[in-house]
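**Q** quick one, structure for this:
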Amino acid sequence: MKLKQIVISIENSPNRLYNVIRAMSDAGINLRALNLVDTGAFGQLRLLLSDVAKARRILMEMSVPAFVNEVVATEIPDKPGSLANVMLPMMQSGIRIEFMYAYTGGTLAGQAVMIFRFSDNDKAIAVLQEKGIRILDANTFDIIE
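**A** Modelled structure (predicted):
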């Protein structure tokens, strides 16, 4: 139920980001989701990619510092209040959201995908399942981990 996400500390320059994205493309690796956060001279790039191990190997060959962590993806209705409905049981269970990002166009029309890193991903998955919130796995994204 958890997905492997690659996190890259990347110099804030147009060439560096392009080089990473181009290398993934040249290797036939598809981007499933992407989040880039500016933190000054460096940014943090979070990627869900179609082939995690291959991407990690390419980044190592490029001497790009990266690590893999786990995230949880949910599919929720793309309408006002849906995110709050996911956040409330987390708050009530004492689970922090460390970061999240989203895109619309889930597996069904009218759905959005939220990608989370929780303070306790396993506990969060249990709470989400108890609330009937759909959790997406690697197969849903066609990701090879």
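**Q** list the contacts for the residue of the chain positioned farthest from its centre?
**A** If you look at how far each residue of the chain sits from its centre, by C-alpha atoms, centre = their mean, the farthest one is residue 92, at 23.5 Å. Contacts for residue 92 (C-beta atoms under 8 Å, 6 or more residues apart in numbering) come out as none. For every residue, glycine as well, the C-beta is placed using N, CA and C.
**Q** from now on call the first residue 7
**A** Understood, numbering begins at 7; the last thing we discussed is residue 98.
**Q** so how far is residue 10 from it?
**A** If you measure residue 98 against residue 10 using C-beta to C-beta, to the nearest Å, the figure is 28 Å.
**Q** equivalent analysis for residue 24, please.
**A** Separation of residue 24 from residue 10 (C-beta to C-beta): 24 Å.
**Q** ok, back up a step: could you check how far the residue farthest from the centre of the chain is from residue 92?
**A** In terms of C-beta to C-beta, residue 98 sits 12 Å off from residue 92.
**Q** for stretch 129-137, buried residues please.
**A** Residues of stretch 129-137 classed as buried by neighbour count (16 or more other C-beta atoms under 10 Å): 130, 131, 133, 134.
**Q** quick one: which helix or strand includes the second one?
**A** Put plainly, it is residue 131. Mapping residue 131 onto the secondary structure by DSSP states H and E places it in helix 127-136.
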